[in-house]
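Asks: Let's see this in three dimensions:
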Amino acid sequence: MIIRERPNFLKIFFLLQGSIVPKILPQILIVGVLSALVMFVHFRWPHFLPIYDGGPFALLGIAISVFLSFRNSACYDRWWEGRKQWGALIHSSRNLARQTCILPSEDQKHLLNLTCAFSHALVHHLRPGQNEAENVSAFLSREESLLWKKSRFPPDMIIRLMGRKLVELRAQGTIGDIPYQMLDRTIGEIAGVLAACERIRSTPIPFPYMLLLNRTAFLFCLCIPFGFAHTLGWATPFPTMLIAYTFFGLDKVGDELEDPFSMHDNGLPLSFLAKVIEINMREALGEENLPPFPVAEAYILR
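Replies: Coordinates of the predicted model:
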């Protein structure tokens, strides 16, 4: 996720770090070169290039912009839903740390270590390109680590280990029915976050909808010069490239927001959020040598 202050009026036009321009520059240049070529043919051999009315192009541009807005709103909803789920995970983890104060210290430490392991395992599960295996194994016993590595759904395995620990404590008489139900409800909330994140990751926006918008926006940008060549003259490439920047930029931002758990610059800072949970749990256990919070590198917080 990009973390930086809003630039001033002068810097905002020349800022590349965090900008979408480098990612869509080839498309913008293609549209600009085509516009210049259309203008050259229009003035050099006007009988080869018929003159079209720009009105239909303006109406089509409005329609495409509305559809792009709908898609970006849907993508942002997915991004915001992912952030809310991780916020709920932090909330439930802190509740669990508070509720386990009734347990013996060793049992409390075991459950909170499993909570730390779960948060890092969830990062590893949602973002395969980021290796969190060492962070997970650091909070598991040797037997638990083997179970985690063998499981096809590692975060769910850790949830089951937490459930087994509660059942063991209840069978031993360490906790009664009411504390058991309270702790089990909180672990159930954590499991709900896992299911919600898996739903977001495994259910993208329908591909035909994305394909329709991409094709229509690209063809529209390629056709603009034919509708405004006789009106704007040699200035046509500049507004054409500006329109291309807007449409291609919105489309690319939507692509990055659609998967909030990706490694894109606009992806959620999952490692940072997992580290927040780890620090909270270790502080609840009374540890003093806590790791520092991750910081943004080149304005990007992972």
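Asks: got the contact list for the helix or strand where residue 161 lies?
Replies: Under the criterion DSSP states H and E, the helix or strand holding residue 161 is helix 154-172. Residues outside helix 154-172 that contact it (Cβ atoms under 8 Å, 6 or more residues apart in numbering): 103, 107, 110-111, 114-115, 117-118, 121-122, 124-125, 136, 140, 144, 147-148, 151, 175-177, 180, 183-184, 187, 190-191, 194. In this view, the C-beta of every residue, glycine as well, is placed from N, C-alpha and C.
Asks: Name only those of those residues that count as buried.
Replies: If you count burial by 16 or more other Cβ atoms under 10 Å, the buried members of those come out as 103, 107, 110-111, 114-115, 117-118, 121-122, 124-125, 136, 140, 144, 148, 175, 183, 187, 190-191, 194.
Asks: burial measure for the residue lying closest to residue 253 once chain neighbours are set aside, as a count.
Replies: The shortest distance from residue 253 to any non-neighbouring residue, by Cβ to Cβ, 6 or more residues apart in numbering, is to residue 20 (5.9 Å). Burial of residue 20, expressed as a neighbour count using other Cβ atoms under 10 Å, amounts to 18.
Asks: ok, now which ones touch residue 20?
Replies: Counted by Cβ under 8 Å, 6+ apart, residue 20 has contacts 249, 252-253.
Asks: Whichever helix in the chain runs longest packs against which elements?
Replies: Longest helix in the chain by number of residues (criterion: DSSP state H): helix 55-99. Taking 3 or more Cβ pairs under 8 Å, 6 or more residues apart in numbering; DSSP states H and E as the contact definition, the neighbouring helices and strands of helix 55-99 are helix 105-126, helix 177-202, helix 207-232, helix 237-258, helix 270-284.
Asks: For residue 90, find the nearest of those helices.
Replies: Closest to residue 90 of the helices and strands packed on helix 55-99 is helix 270-284 (Cβ to Cβ; 5.9 Å).
Asks: now the angle from the closest one to helix 105-126?
Replies: Angular relation of helix 270-284 and helix 105-126 on a 0 to 180 degree scale: 180 degrees, by axes from the mean of the first three to the mean of the last three Cα atoms, to 10 degrees.
Asks: Would you mind giving the domain segments of the chain?
Replies: Annotated domains of the chain cover 11-75+208-258, 80-204+266-284 [automatic domain parsing].
Asks: mean pLDDT for those: which is lowest?
Replies: When those are ranked by mean pLDDT, domain 11-75+208-258 comes last with a mean of 82.
Asks: Quickly name whichever of the contacts of residue 20 is closest to residue 82.
Replies: If you rank the contacts of residue 20 by distance to residue 82 using Cβ to Cβ, residue 253 comes first, at 15.6 Å.
Asks: Neighbours of that closest one, how many?
Replies: Other residues near residue 253 number 19, with proximity taken as other Cβ under 10 Å.
Asks: so it makes contact with residue 71?
Replies: No. When contacts are counted by Cβ atoms under 8 Å, residue 253 is not listed as touching residue 71 (10.2 Å).
Asks: For those two, list the residues in contact with both.
Replies: Counting by Cβ under 8 Å, 6+ apart, no residue touches both residue 253 and residue 71.
Asks: And the residue sitting nearest the centre point of the chain, how far from residue 198?
Replies: In the chain, the C-alpha nearest the mean C-alpha coordinate belongs to residue 260, at 1.6 Å (Cα atoms, centre = their mean). The spacing between residue 260 and residue 198, counted by Cβ to Cβ, to the nearest Å, is 13 Å.
Asks: cool, and residue 168?
Replies: When distance is defined by Cβ to Cβ, residue 168 is 27 Å away from residue 198.
Asks: Looking at these two, which one has more neighbours?
Replies: Regarding residue 168 and residue 198, a neighbour count based on other Cβ under 10 Å identifies residue 198 as having more, with 16 against 12.
Asks: re earlier: who wins for proximity to residue 46 among the helices and strands packed on helix 55-99?
Replies: Smallest distance to residue 46 across the helices and strands packed on helix 55-99 (Cβ to Cβ): 9.0 Å, for helix 207-232.
Asks: Just want the angle from the closest one to helix 237-258.
Replies: Here helix 207-232 runs at an angle of 160 degrees relative to helix 237-258 (the same axes, to 10 degrees).
Asks: packing partners for helix 207-232?
Replies: In terms of contacts (3+ Cβ pairs under 8 Å, 6+ apart), helix 207-232 is packed against helix 21-44, helix 55-99, helix 237-258.
Asks: Tell me which of those sits most buried.
Replies: Counting by mean count of other Cβ atoms under 10 Å, helix 237-258 has the highest mean neighbour count of the helices and strands packed on helix 207-232, with a mean of 20.
Asks: Kindly export it (C-alpha atoms) in PDB.
Replies: Presented in PDB, the C-alpha positions along helix 237-258 are these (Å, rounded to 0.1, in the frame of the first residue of the first chain):
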ATOM      1  CA  PRO A 237      -2.700  13.800 -30.100                       C
ATOM      2  CA  PHE A 238      -2.600  15.700 -26.800                       C
ATOM      3  CA  PRO A 239      -6.300  15.400 -25.700                       C
ATOM      4  CA  THR A 240      -6.300  11.900 -27.200                       C
ATOM      5  CA  MET A 241      -3.400  10.900 -24.900                       C
ATOM      6  CA  LEU A 242      -5.000  12.600 -22.000                       C
ATOM      7  CA  ILE A 243      -8.200  10.600 -22.500                       C
ATOM      8  CA  ALA A 244      -6.100   7.400 -22.900                       C
ATOM      9  CA  TYR A 245      -4.300   8.200 -19.600                       C
ATOM     10  CA  THR A 246      -7.700   8.600 -17.800                       C
ATOM     11  CA  PHE A 247      -9.300   5.400 -19.300                       C
ATOM     12  CA  PHE A 248      -6.200   3.200 -19.100                       C
ATOM     13  CA  GLY A 249      -5.300   4.500 -15.700                       C
ATOM     14  CA  LEU A 250      -8.800   3.800 -14.200                       C
ATOM     15  CA  ASP A 251      -8.700   0.300 -15.700                       C
ATOM     16  CA  LYS A 252      -5.200  -0.400 -14.300                       C
ATOM     17  CA  VAL A 253      -6.100   0.900 -10.800                       C
ATOM     18  CA  GLY A 254      -9.200  -1.300 -10.900                       C
ATOM     19  CA  ASP A 255      -7.000  -4.300 -11.700                       C
ATOM     20  CA  GLU A 256      -4.800  -3.700  -8.700                       C
ATOM     21  CA  LEU A 257      -7.700  -3.000  -6.300                       C
ATOM     22  CA  GLU A 258      -9.600  -6.100  -7.500                       C
END
